[in-house]
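Asks: With the input below, show me the fold.
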Amino acid sequence: QVQLVESGGGLVQAGGSLRLSCAASGRTFSSYTMGWFRQAPGKEREFVAARGWSGVTTYSQEFVKGRVTISIDNAKNMVYLQMNSLKPEDTAVYYCAAAGRLSWRANEYSYWGQGTQVTVSS
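Replies: Prediction:
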């Protein structure tokens with residue numbers, strides 16, 4: 001079992017930055033792939049980034065184009081998503097999730113946080 005709690009969302013102007021945090025609990029945290037997804041109103045949940053237990057990372061180039069970085073602090077059981085050059089279209093609820101393997105598919109993630117709202121004003 002893994003419990004996930006996101007924080008760090010908020011209102012930011014276009015061009016600004018935010019760092020989202022995800023606190024994870026569970027003894028086997030370090031063996032999971034940790035991912036970030038987002039969901040805007042009226043849209044499907046979208047993959048943003050993921051980092052496997054081995055350190056391999058994958059990003060959604062379609063949506064973020066190198067503007068985000070995912071990192072993990074295993075000692076603190078924390079997952080971070082640094083987002084730069086934010087745009088109004090990045091407005092969404094951002095979710096932290098855990099999966100058994102590196103994937104961009106939401107249905108492969110078994111554990112989800114409650115989400116944190118990110119709003120980017122123009």
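
Asks: contacts, neighbours, all on C-alpha from now
Replies: Noted.

Asks: need the helices for this protein, in chain order.
Replies: 61-64 (DSSP state H).

Asks: need the contact list for the residue minimising distance to the centre of it.
Replies: What sits nearest the mean C-alpha location of the chain, by CA atoms, centre = their mean, is W36, with 2.3 Å. With contacts defined as CA atoms under 8 Å, 6 or more residues apart in numbering, the neighbours of W36 are 47-50, 81, 94-97.

Asks: make it 7 Å
Replies: By CA atoms under 7 Å, 6 or more residues apart in numbering, W36 lies in contact with 47-50, 94-97.

Asks: Return the members of these classed as buried.
Replies: 47-50, 94-97 (16 or more other CA atoms under 10 Å).

Asks: Show me where the protein dips below the pLDDT cut-off.
Replies: 27, 63 (pLDDT under 70).

Asks: how about the strands of it, start to end?
Replies: 3-7, 10-13, 18-25, 33-39, 46-51, 57-59, 68-73, 78-83, 92-99, 109-112, 116-121 (DSSP state E).
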